[in-house]
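> Next one to model:
(chains A and B)
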2 protein chains.
Amino acid sequence: MSTSEKAPIGVFDSGIGGLTVVKSIMARMPEERIVYFGDTARVPYGIKSPETVKEYALQITDFLLKRDVKMIVIACNTVSAAAENDVRAKASPIPVIGVVEAGARVAIDHSTRNRLVGVIGTLATVNSGTYESSIKAIDPGMRVFSKSCPMLVPLAEEGWIDNDVAMLTLKHYLNDFQDKNLDSLILGCTHYPLFKDSIRTLLPASVDIIDSADAVAKLVDDTLRSQNLRNTAGKGSLDCFVSDKPQRFQLLAERFLGRNVNQLEVVNVA
Amino acid sequence: MSTSEKAPIGVFDSGIGGLTVVKSIMARMPEERIVYFGDTARVPYGIKSPETVKEYALQITDFLLKRDVKMIVIACNTVSAAAENDVRAKASPIPVIGVVEAGARVAIDHSTRNRLVGVIGTLATVNSGTYESSIKAIDPGMRVFSKSCPMLVPLAEEGWIDNDVAMLTLKHYLNDFQDKNLDSLILGCTHYPLFKDSIRTLLPASVDIIDSADAVAKLVDDTLRSQNLRNTAGKGSLDCFVSDKPQRFQLLAERFLGRNVNQLEVVNVA
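Numbering: from 1, shown residues only, chains lettered A, B, ... in the order given. Reported below is the predicted structural model:
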């Protein structure tokens, strides 16, 4: 672990969807070095027991601490829900940022009219109620309406983010939100920022769309500055590590990250 | 293991899609007892290495042999491609039926005009070339045209098999087959039989659609009869075992099987 501002930020996810979070961090803080780990051999986490998810998350935390990171970002809703406190305890004193809390905080700030937040996510995330409990822990007066959207991850991985199939699927899922008078809608899955523009066209203009990747990047920035760990003079870099090289890795990585992954290494953290 | 006709047939899959094969077996041979194992804790296999898939397949084979089965049916394209020979060696002398070979044989029988077979499957199955090599091993003069359809498994699990999204998605995928003069199209994934009626409306009537679940049931029937192992006087039953109880298990099981699963047990085979 490191408390030097020049040290990299560690980011991890069960797969490569977390690269949308990396993209937001790089856009906001291009001077920072990033080490990314995607557990592509063991994805998806959403169907596994919380105990197993915890075990995997702590193995990855170990790996990132050995890479001398100054902060750990959990770019995975399932891990954020199941193991954030365990990761925080292990990583202490270096700061840990979770995607759920980041999204919840920004959504509350954007939901002052009707105090009603919408959440879309995977089946596992929505069933866990993690966004609802995070939001209510911060502000018990908020109401939360959630809907799982199982087709969106496969659509994103197929690259269908704004074609006729994608738009029709989004219409099906978002239909339930139309008459709810939402203040904001949290994109509660690392794959969903790819649909942001498409979703924008399908909801009333009064609904703020909360991109959890952007929310994480903002919280990372604020936290690093408050701890005097923000690197504002670096060149920036991205080193990617995965536990298995999946089918179509480069294609998918480019889709989530918006550019090629040059530094890629397969490692075993188990 | 057992060589008694009263013993059950063992069927396994990486998940619960293999219940479409069980459904076909039960429809054709309602007197048979079936023991099903779905490796729901470790699904999906398609992204894992062949060595890992082999290891898992042999663990499951062990489990089924201990349940005293008279035959093992591999209702999983990935296992059929990666580990069929290993399962056969371990299970010997009891017979082993694989979904790929069963589908390949039926497709060849139905492709005498242009000798051109189409295959749709997951990314892993299509990239492995397993149907092409199985078909050419039996009849080197056949031509095979394959296309991966990554959206179909999530569509089936969402229950969208003939709505507007499903039809539009199928049109995208089947478009490449329209001008190919196919004799037959293999549904090369255990989830795909759910789309059979929808696919039928989108292809020329001259294309025979090969439901690999039905192909397996036929080969099971033929093989049991040839070895005097066919139970024609039993009451029939289905015992289901899974390695983890996934989200929405009963709903999905009913979708694939066409009825409730009454006997369900979670077991660890590792």
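
> how much space between the residue in the stretch 101-250 of chain A that chain B sits nearest to and residue A:252?
For the stretch 101-250 of chain A, the residue positioned closest to chain B under CB to the nearest CB is residue A:154, at a distance of 4.1 Å. Using the backbone N, CA and C atoms, a C-beta is placed for each residue, glycine as well. Here the criterion is CB to CB, to the nearest Å. By it, residue A:154 lies 12 Å from residue A:252.

> Run through the stretch 151-270 of chain A and note the low-pLDDT ranges.
Within the stretch 151-270 of chain A, the stretches with pLDDT under 70 are A:246-247.

> So which bits of it are right by chain B?
With the criterion set to CB under 8 Å from any CB of the partner chain, the stretch 151-270 of chain A comes near chain B through A:151, A:153-155, A:157-158, A:160, A:164-165, A:168-169, A:172, A:244, A:246-248.

> Using ChimeraX, define a selection of the buried residues within those residues.
Isolation of the buried members of those (16 or more other CB atoms under 10 Å in any protein chain shown) is achieved in ChimeraX through the command below:
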select /A:151,153,154,155,157,158,160,165,168,169,244,246,247,248
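
> now, which of the residues of the stretch 151-270 of chain A next to chain B sits nearest residue A:50?
Taking CB to CB as the measure, residue A:50 sits nearest to residue A:153 out of these, at 20.3 Å.

> Isn't that closest one up against residue A:123?
No - judged on CB atoms under 8 Å, residue A:153 makes no contact with residue A:123 at a distance of 10.0 Å.

> and residue A:204, that one's in a helix?
No - secondary structure of residue A:204 (DSSP: H, G, I helix; E, B strand; the rest coil): coil, not part of a helix.

> got a list of what it touches?
Residues near residue A:204 by CB atoms under 8 Å, 6 or more residues apart in numbering or on different chains: residue A:178.

> do the same with residue A:175
When contacts are counted by CB under 8 Å, 6+ apart, residue A:175 touches no other residue.

> Mind checking which residue lies nearest the centre of chain A?
In chain A, the C-alpha nearest the mean C-alpha coordinate belongs to residue A:75, at 3.7 Å (CA atoms, centre = their mean).

> Just give the nearest non-adjacent residue to that one, would you?
residue A:18 (3.3 Å; CB to CB, 6 or more residues apart in numbering or on different chains).

> contacting residues around the residue nearest to the centre of chain A?
Taking CB under 8 Å, 6+ apart as the contact definition, residue A:75 lies against A:11-13, A:17-18, A:20-22, A:99, A:190, A:213, A:216.

> Make CSV out of the residues you listed and add secondary structure.
Putting the contacts of residue A:75 into CSV (three-state DSSP) gives the following:
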residue, secondary structure
A:11, strand
A:12, strand
A:13, strand
A:17, coil
A:18, coil
A:20, helix
A:21, helix
A:22, helix
A:99, helix
A:190, coil
A:213, helix
A:216, helix
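
> picking that back up, in space, what's closest to the residue of the stretch 101-250 of chain A closest to chain B - neighbours in sequence excluded?
Leaving aside its sequence neighbours, residue A:154 is closest to residue B:154 (4.1 Å, by CB to CB, 6+ apart).

> mind giving me the domain ranges of chain A?
A:9-98+A:214-266, A:101-212 (automatic domain parsing).

> and the last one, how far apart are its ends?
Distance between the two ends of domain A:101-212: 9 Å, counting by CA to CA, to the nearest Å.

> any idea how far it is from the chain center?
Taking the mean C-alpha point of domain A:101-212 and that of its whole chain, the gap between them comes to 13 Å (CA atoms, centre = their mean, to the nearest Å).
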